[in-house]
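1. any chance you can model this:
(chains A and B)
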2 protein chains.
Amino acid sequence: MTEKRIGVIGSGDVGKALTAGLAKHGYDVVIGTRDAAKLEAWRKGLTGTVRVGSFSDAARHGPIVILATHGAGTEEALRIAGPAHFAGKVVLDATNPLDFSAGMPPTLFVGTTDSLGERVQRALPEARVVKCFNTVANAKMVDPTWSEGAPRMMICGNDAAAKREAEALLKELGWPGALDLGNIQGARWLEAIVPLWVRAGAVLGTYGHAFKVVT
Amino acid sequence: MTEKRIGVIGSGDVGKALTAGLAKHGYDVVIGTRDAAKLEAWRKGLTGTVRVGSFSDAARHGPIVILATHGAGTEEALRIAGPAHFAGKVVLDATNPLDFSAGMPPTLFVGTTDSLGERVQRALPEARVVKCFNTVANAKMVDPTWSEGAPRMMICGNDAAAKREAEALLKELGWPGALDLGNIQGARWLEAIVPLWVRAGAVLGTYGHAFKVVT
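-> Numbers count the residues shown, from 1 in each chain, chains lettered A, B, ... in the order given. Presented below is the predicted three-dimensional model:
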């Protein structure tokens, strides 16, 4: 990664955690939001270079863009950001298609024959989408600590080079690496693990957990 | 477990692995099949007490019945076995609703608003169904060894006592215990982890892996 610039789209807990962590690791970050004023106090408390902008500002900033939007609002956010701005970029899709309409624990609004990762790739046909970060809590995304052995981040996507860039970034952020689970259709199952993750968190009494593939 | 009798319905690799392992652990097992003759040579090579019978014979044998049928054939197998024979019993559902019609890796034929575990519970309203064994390879179901730390078996079901019985059995079979992920609706996600498990196996070059919840 020669250009240490990343755009983050979405300013909820995930967007803020990734922005703060990336800035701490020396990245120049633009976080895109619909409500810049609300982020000013938070931004002032950060270490590093962070600018608050629009979704479009974030999409245009740097060779990597991270999607950290609310699941149901993701496709609209991409339309607002302008799909052309993502052309050729590595897009790390951290979103989850969670449906809380029937209460907790959530289900998915995409079924099992589609995924939000695939929808993102269809909405951004010229981007190189990698599903990433969606299976861990925001507090574990950067510099995670583990008492039972660090897992690799589970990722998937159609572009092998983009997945290697995602893994390089993950290693910079304190992960042992990525577990590449194939093409973007794998997002169906990386997203479907999240309702199970929510159930496990309720049992464990912590949401600092993750699924590790062990042999 | 005072009565060491278990019925196993289904005689594919999963049914055979569980039957052999349970017999080795001192259980008196009836394995139910549609083709008893085909199992005779296999049965003669086993240690312990194993009888080959019909689906109905297996369902009537002992306080625990394990479903190890092909996913798509599960509901028909229960009709053939006779739902009344399952009344009050602990039914450990090891099945997966895998759909290979579009090739590898598989998807699910139940979507995300239903599961085979829920269908089994609806088909056997008087049974106490626990989803169990469906997230690991048959070679790991009994006396598993792990190089990276043993995971607990992920289970779910509506009956707390049945889940405790499932966990007691798992401990007898060499598991550190069970991770109880809530009611039988959790089967939607325990089943949805299996296409991801298949993808991970393709990457790892082994199907002796499992998902471990780590913190």
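
2. identify the spatial nearest neighbour of the most centrally placed residue in chain A, chain neighbours not counted.
-> Computing the C-alpha centroid of chain A and ranking residues by Cα atoms, centre = their mean puts A:Ala94 first, at 2.3 Å. Nearest non-adjacent residue to A:Ala94, counting by Cβ to Cβ, 6 or more residues apart in numbering or on different chains: A:Phe133, 3.7 Å away. Heads up, the C-betas are built off the backbone N, CA and C, glycines and all.

3. any idea of the pLDDT on A:Met1?
-> We note a pLDDT of 48 for A:Met1 in this prediction.

4. again with the one 5 residues further on
-> Per-residue confidence at A:Ile6 stands at 98 (pLDDT).

5. same check on A:Thr95?
-> Looking at A:Thr95, its pLDDT reads 97.

6. what about it, neighbour count?
-> A:Thr95 has 29 neighbouring residues, counting by other Cβ atoms under 10 Å in any protein chain shown.

7. how about the contacts made by it?
-> Contacts for A:Thr95 (Cβ atoms under 8 Å, 6 or more residues apart in numbering or on different chains) come out as A:Gly10, A:Leu67, A:Ala68, A:Thr69, A:His70, A:Gly71, A:Thr74, A:Leu116, A:Gly117, A:Val120, A:Asn134.

8. what about those, which are in helices?
-> Among the contacts of A:Thr95, DSSP state H puts A:Thr74, A:Leu116, A:Gly117, A:Val120 in helices.

9. make a markdown table out of those and add neighbour count.
-> Below are the ones in helices among the contacts of A:Thr95 laid out as a markdown table (neighbours: other Cβ atoms under 10 Å in any protein chain shown):
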| residue | neighbour count |
| --- | --- |
| A:Thr74 | 23 |
| A:Leu116 | 27 |
| A:Gly117 | 31 |
| A:Val120 | 24 |
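
10. farthest pair in those?
-> The most widely separated members of the ones in helices among the contacts of A:Thr95, counting by Cβ to Cβ, are A:Thr74 and A:Gly117 (9.9 Å).

11. pretty sure A:Tyr185 sits in a strand.
-> Wrong residue type there; residue A:185 is Gln, not Tyr. No. Under DSSP: H, G, I helix; E, B strand; the rest coil, A:Gln185 falls outside any strand and is assigned helix.

12. hang on, the earlier thing: now do the contacts for the residue nearest to the centre of chain A.
-> Going by Cβ under 8 Å, 6+ apart, A:Ala94 touches A:Val14, A:Leu18, A:Ile66, A:Leu67, A:Ala68, A:Cys132, A:Phe133, A:Asn134, A:Met141.

13. can you name the residues of chain A that neighbour chain B?
-> A:105, A:107-108, A:110-113, A:146-149, A:151, A:154, A:156, A:179-182, A:186, A:188-190, A:192-193, A:195-196, A:199-200, A:202-204, A:206, A:208-215 (Cβ under 8 Å from any Cβ of the partner chain).

14. so, low pLDDT: which residues of chain A?
-> A:1-2 (pLDDT under 70).

15. helices along that one, start to end?
-> According to DSSP H, chain A carries its helices in the segments A:13-24, A:36-44, A:55-60, A:74-81, A:116-123, A:160-172, A:187-204.

16. can I get these in JSON lines with distance to B:Arg128?
-> Shown next, in JSON lines, are the helices of chain A (distance: least, Cβ to Cβ, whole Å):
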{"stretch": "helix A:13-24", "distance to B:Arg128": "39"}
{"stretch": "helix A:36-44", "distance to B:Arg128": "49"}
{"stretch": "helix A:55-60", "distance to B:Arg128": "50"}
{"stretch": "helix A:74-81", "distance to B:Arg128": "40"}
{"stretch": "helix A:116-123", "distance to B:Arg128": "36"}
{"stretch": "helix A:160-172", "distance to B:Arg128": "43"}
{"stretch": "helix A:187-204", "distance to B:Arg128": "19"}
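
17. quick revisit: and the contacts of A:Ala94, which are buried?
-> Neighbour-count burial (16 or more other Cβ atoms under 10 Å in any protein chain shown) applied to those gives A:Val14, A:Leu18, A:Ile66, A:Leu67, A:Ala68, A:Cys132, A:Phe133, A:Asn134, A:Met141.

18. quick one: contacts for A:Leu39?
-> A:Ser11, A:Lys16, A:Ile31, A:Thr33, A:Val52.

19. for A:Leu92, same thing?
-> Here A:Leu92 is in contact with A:Ile64, A:Val65, A:Ile66, A:Leu67, A:Val130, A:Cys132, A:Phe133, A:Ala166, A:Leu169 (Cβ under 8 Å, 6+ apart).

20. of all the helices of chain A, which lies closest to B:Leu78?
-> helix A:187-204 (25.1 Å).

21. how far away from the center of its chain is that closest one?
-> Relative to its chain's centre, helix A:187-204 lies at 16 Å (Cα atoms, centre = their mean, to the nearest Å).

22. and that helix with helix A:116-123, angle?
-> 150 degrees (axes from the mean of the first three to the mean of the last three Cα atoms, to 10 degrees).

23. pull out the buried residues from helix A:187-204.
-> So, applying 16+ other Cβ under 10 Å, buried residues of helix A:187-204: A:187-201.

24. do the same with stretch A:27-40
-> Residues of stretch A:27-40 classed as buried by neighbour count (16+ other Cβ under 10 Å): A:Tyr27, A:Asp28, A:Val29, A:Val30, A:Ile31, A:Gly32, A:Thr33, A:Ala36, A:Leu39.

25. coming back round to it: from the contacts of A:Ala94, which is closest to A:Ala58?
-> For the contacts of A:Ala94, the nearest to A:Ala58 is A:Ile66 (8.6 Å; Cβ to Cβ).

26. surely that closest one touches A:Asn134?
-> No. Using Cβ atoms under 8 Å, A:Ile66 is not in contact with A:Asn134, being 10.9 Å away.

27. could you dump the contacts of A:Leu92 into JSON lines with distance to A:Phe100 added?
-> What follows is the contacts of A:Leu92, written out as JSON lines (distance: Cβ to Cβ, whole Å):
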{"residue": "A:Ile64", "distance to A:Phe100": "29"}
{"residue": "A:Val65", "distance to A:Phe100": "26"}
{"residue": "A:Ile66", "distance to A:Phe100": "23"}
{"residue": "A:Leu67", "distance to A:Phe100": "19"}
{"residue": "A:Val130", "distance to A:Phe100": "26"}
{"residue": "A:Cys132", "distance to A:Phe100": "23"}
{"residue": "A:Phe133", "distance to A:Phe100": "20"}
{"residue": "A:Ala166", "distance to A:Phe100": "28"}
{"residue": "A:Leu169", "distance to A:Phe100": "30"}
